[in-house]
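Asker: Any chance you could fold what I've pasted below:
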Amino acid sequence: MTEAAVPETAASPAAGGLYAEKAGAPLTDFSYVGIDAILEQMRRKAMKQGFELNIMVVGQSGLGKSTLMNTLFKSKVSRKSALATAQEKIPKTVEIKSISHDIEEKGVRMKLTVIDTPGFGDQINNENCWQPIMKFINDQYEAYLQEEINIDRKKRIPDSRVHCCIYFIPPTGHCLRPLDVEFMRRLSKVVNIVPVIAKADTLTLDERDFFKKKIREELRANGIDVYPQKEFDEDAEDRKINDKIRVRIVFLKDIHGSRGVAGAPTAARSTSVPRAGANGGLTLQEVIPFAVVGSDQEYQVNGRRLLGRKTKWGTIEVENIAHCEFAYLRDLLIRTHMQNIKDITSSIHYEMYRVRRLNESNTAVAHANGLADHHLVAHEM
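Answerer: Numbering: from 1, shown residues only. You can find the predicted model right below:
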């Protein structure tokens with residue numbers, strides 16, 4: 001008796017089953033599991049929940065803090081823009097004021113909170129003027145901590161922690177003021193600080209280069225570590241990306257392609273792209289602190305719409321890296337490092353605060369228990 005040969009074919013689609021295929025459809029890759037689908041699941045969840053970003057701006061009055069925030073997000077997001085009156089008196093003490101906006105772009109929703117600090121650096125005596133700012137930052141950490149340790153805590157804890165502090169340095173062209181050094185030295189330990197040279201168009205190129213170099217020297221001399229901090233680079237890839245922010249390498253061909261002030265004569269055109277080195281090869285330019293110019297005014301230049309500032313020499317283009325470093329700042333805060341800024345806030349700055357507070361609580365409990373035991377023993381005697 002002979003056995004019928006069984007053909008080595010997969011089950012017929014008519015038989016149904018989990019892997020049933022339509023007639024004429026390509027064969028299923030049975031080695032595929034589908035782990036990569038988690039990315040789409042995470043994307044859908046993130047799109048549904050939305051995002052939060054809390055930015056603090058610090059600097060004396062008149063440095064263009066509100067204008068820069070409006071320029072960054074291309075909308076009236078600053079607190080001053082929402083005020084009913086155009087003029088606001090300078091407060092006698094540092095105040096903390098915030099305003100939140102719901103922003104949506106291409107289906108992505110974000111709650112943006114801009115925290116302003118009117119009164120900072122505006123007094124004759126600015127001693128300890130950073131203390132209200134430090135207290136505000138720690139208060140947000142405390143509020144988040146209390147929500148975390150709450151027994152009936154919320155499914156999603158509202159995040160009011162300050163993710164980034166943009167510090168505006170006056171364009172003196174000389175060196176940092178003692179107030180600048182003291183503020184950044186203290187606050188860099190509790191929040192991500194991104195220093196910027198405000199109204200950089202008031203400086204010549206040589207003044208700007210000298211000022212940036214001087215600031216970097218003073219930051220190093222005072223042990224001030226601004227964002228992105230080297231010790232927080234998680235791996236070689238992070239280090240490579242962040243080094244592009246800390247040190248930018250520019251080739252001569254990039255310089256050749258740069259544009260000057262729109263409408264200005266060739267001899268008057270400016271470029272913030274580094275000049276060639278002595279070897280005629282590539283040059284180095286440390287980007288931090290960012291030399292920025294802000295403007296929420298649109299102009300038509302050579303048929304192009306652009307944000308800029310009109311001068312008698314031409315139009316300063318805000319987003320042209322040959323004119324200022326606003327584009328680098330925008331990319332850092334929004335396009336490349338936004339999530340990293342939030343991660344550093346949560347895993348480093350907030351975590352340090354949380355550990356310190358819990359240690360303080362444990363010490364207080366242990367001390368209270370020790371006193372109770374002492375009284376109990378004394379009573380028994």
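
Asker: what sits up against the helix or strand hosting residue 305?
Answerer: Assessed by DSSP states H and E, residue 305 sits inside strand 304-311. Here strand 304-311 makes contact (Cβ atoms under 8 Å, 6 or more residues apart in numbering) with 71, 74, 201, 261-262, 293, 295-299, 301, 315-320. The C-beta positions use only the backbone N, C-alpha and C, and glycine is treated the same way.

Asker: Filter these down to the buried ones.
Answerer: Buried residues within the contacts of strand 304-311, defined by neighbour count using 16 or more other Cβ atoms under 10 Å: 71, 201, 261-262, 293, 295-296, 299, 315-318, 320.

Asker: Let's see which of those residues end up in helices.
Answerer: Of the positions in those, residue 71 sit in helices, assigned by DSSP state H.

Asker: Pick the one among the buried ones among the contacts of strand 304-311 closest to residue 191.
Answerer: Ranked by distance to residue 191 (Cβ to Cβ), the buried ones among the contacts of strand 304-311 are led by residue 71 at 22.1 Å.

Asker: got a list of what the closest one touches?
Answerer: Residue 71 touches 294, 295, 296, 307, 318, 326, counting by Cβ under 8 Å, 6+ apart.

Asker: Greatest separation within those: which pair is it?
Answerer: Using Cβ to Cβ, the two most remote members of the contacts of residue 71 are 296 and 326, lying 12.1 Å apart.

Asker: mind giving me TSV with the contacts of residue 71 and columns for pLDDT and distance to residue 111?
Answerer: TSV is the format used below for the contacts of residue 71 (pLDDT from 0 to 100; distance: Cβ to Cβ, whole Å):
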residue	pLDDT	distance to residue 111
294	91	22
295	89	25
296	83	21
307	86	24
318	90	25
326	94	24
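
Asker: These in strands, which ones?
Answerer: Using DSSP state E, residue 307 are the members of these that sit in strands.

Asker: Can I get the contacts of residue 71 in a markdown table including distance to residue 229?
Answerer: Putting the contacts of residue 71 into a markdown table (distance: Cβ to Cβ, whole Å) gives the following:
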| residue | distance to residue 229 |
| --- | --- |
| 294 | 25 |
| 295 | 30 |
| 296 | 31 |
| 307 | 30 |
| 318 | 27 |
| 326 | 22 |
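
Asker: what about the helices in the stretch 1-150 of the chain?
Answerer: Under the criterion DSSP state H, counting those that start in this stretch, the stretch 1-150 of the chain carries helices at the ranges 37-49, 65-73, 131-149.

Asker: for the stretch 251-381 of the chain, that is, sorry about that
Answerer: For the stretch 251-381 of the chain, applying DSSP H, counting those that start in this stretch gives helices covering 252-256, 326-330, 338-344, 351-380.

Asker: Report the mean per-residue pLDDT for the third one.
Answerer: Spelled out, it's helix 338-344. For helix 338-344, the mean pLDDT works out to 95.

Asker: what's it in contact with?
Answerer: With contact meaning Cβ under 8 Å, 6+ apart, helix 338-344 is reached by 53, 163, 164, 192, 227, 228, 229, 232, 238, 333.
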